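Q: Below are the sequence and a predicted model for it; my questions follow.
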Amino acid sequence: KWSTATAAFQVEGATRKDGRGPSIWDEYVQKPGKIRDNSTADVACDSYHNYMDDIKLMKALGVSHYRFSLSWPRIFPNGVPSVINRKGLHYYHALIDALKENGIEPMVTLYHWDLPLGLHVKGGWLNQEIVKWFRLYAIFCFREFGDKVCDSFRTFPFSFFFFILLFYTTFLYTFVFVTENGCMNTPGEGRNDLTRIRYLRDHIAAVSKAIADGCNVIGYTVWSLMDNFEWADGYANLFGVHEVRINSYLLFSEKRRSVENHITIGW
């Protein structure tokens with residue numbers, strides 16, 4: 001199984017649209033000097049409006065799976081189910097349905113750093129109530145989307161040969177799915193991203209060695225499908241196998257050389 005990945009805050013944009021509540025990152029990016037290039041994720045890759053274009057990129061890439069995250073504040077604007085954002089739910093249902101219609105299995109991450117600001121002001125992860133808050137959110141998401149998502153995955157980032165081998169033999173899981181692995185652009189390489197090609201080839205070779213040594217590795221996910229808002233680095237560091245012209249009036253994507261490389265490897 002071959003996969004690619006994104007995260008809600010990094011690609012969706014539309015941070016103030018259709019009832020989405022603020023997250024801790026919406027507040028953080030407004031603080032001077034916190035983001036390397038002073039950018040925000042207000043638009044990002046605009047996947048909220050252009051997810052069908054993203055799916056076209058996935059189909060051209062030949063992946064079987066797509067890992068993305070749900071935005072907690074897009075579903076529960078205040079962090080708790082006292083207010084449920086139906087427009088946010090509609091977006092995720094539409095995305096999941098479109099993925100499945102195009103033969104791509106959705107892999108859903110419940111949380112990728114974008115804690116609702118309303119919970120942060122109550123202490124966030126340091127408040128013991130967070131267990132209850134996250135449980136309510138998780139149960140709601142499983143009930144809402146569970147019948148559309150074929151598997152539930154525990155995510156273990158940066159799982160390569162020795163870690164995979166140790167992890168597999170120590171904890172006796174029945175399988176391992178590498179859910180995120182990538183390399184940022186090297187300055188000056190542009191779309192001819194030879195450094196990324198070497199990096200990914202080496203890491204895929206490590207996964208292959210783990211399989212040869214007896215690990216049941218069932219999938220590999222490249223980070224990322226496209227350039228996106230990279231947290232405190234803004235758009236200064238880019239990880240996409242597709243180049244996105246973030247600063248253009250109209251967003252558009254172009255393949256980097258690594259796309260063809262991985263199609264050749266055998267997506």
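A: Good, I have the coordinates.
Q: any idea how far Val83 is from the residue nearest to Arg16 when sequence neighbours are not counted?
A: Leaving aside its chain neighbours, Arg16 sits nearest to Asp42 (7.4 Å; criterion: CB to CB, 6 or more residues apart in numbering). C-beta here means a position set from N, CA and C on the backbone, and glycine is covered the same way. According to CB to CB, to the nearest Å, Asp42 stands 22 Å off from Val83.
Q: list the contacts for the residue sitting furthest away from the middle of the chain?
A: Centroid-distance maximum for the chain: Asp213 at 29.0 Å, with CA atoms, centre = their mean. Asp213 makes contact with 161, 165, according to CB atoms under 8 Å, 6 or more residues apart in numbering.
Q: could you say what helices and strands whichever strand or helix holds Leu166 packs with?
A: Here Leu166, judged by DSSP states H and E, is contained in helix 161-171. With contacts defined as 3 or more CB pairs under 8 Å, 6 or more residues apart in numbering; DSSP states H and E, the packing partners of helix 161-171 are strand 176-182, helix 194-212.
Q: Would you mind finding the most buried of the ones you listed?
A: Of all the helices and strands packed on helix 161-171, strand 176-182 has the most neighbours on average by mean count of other CB atoms under 10 Å, namely a mean of 22.
Q: what does the lowest-mean-pLDDT helix or strand in the chain rub up against?
A: Least confident element among the helices and strands of the chain, by mean pLDDT, DSSP states H and E: helix 161-171 (a mean of 76). Residues outside helix 161-171 that contact it (CB under 8 Å, 6+ apart): 156, 159, 173, 176, 178, 206-207, 209-210, 213-217.
Q: Report the buried residues of it.
A: Using 16 or more other CB atoms under 10 Å as the burial criterion, the residues of helix 161-171 that qualify are 161, 163-165, 167-168.
Q: Run the angle between it and strand 176-182 for me.
A: Angle of helix 161-171 versus strand 176-182, following axes from the mean of the first three to the mean of the last three CA atoms, to 10 degrees, is 150 degrees.
Q: now the angle from helix 161-171 to helix 194-212?
A: For helix 161-171 against helix 194-212, the angle by the same axes, to 10 degrees is 30 degrees.
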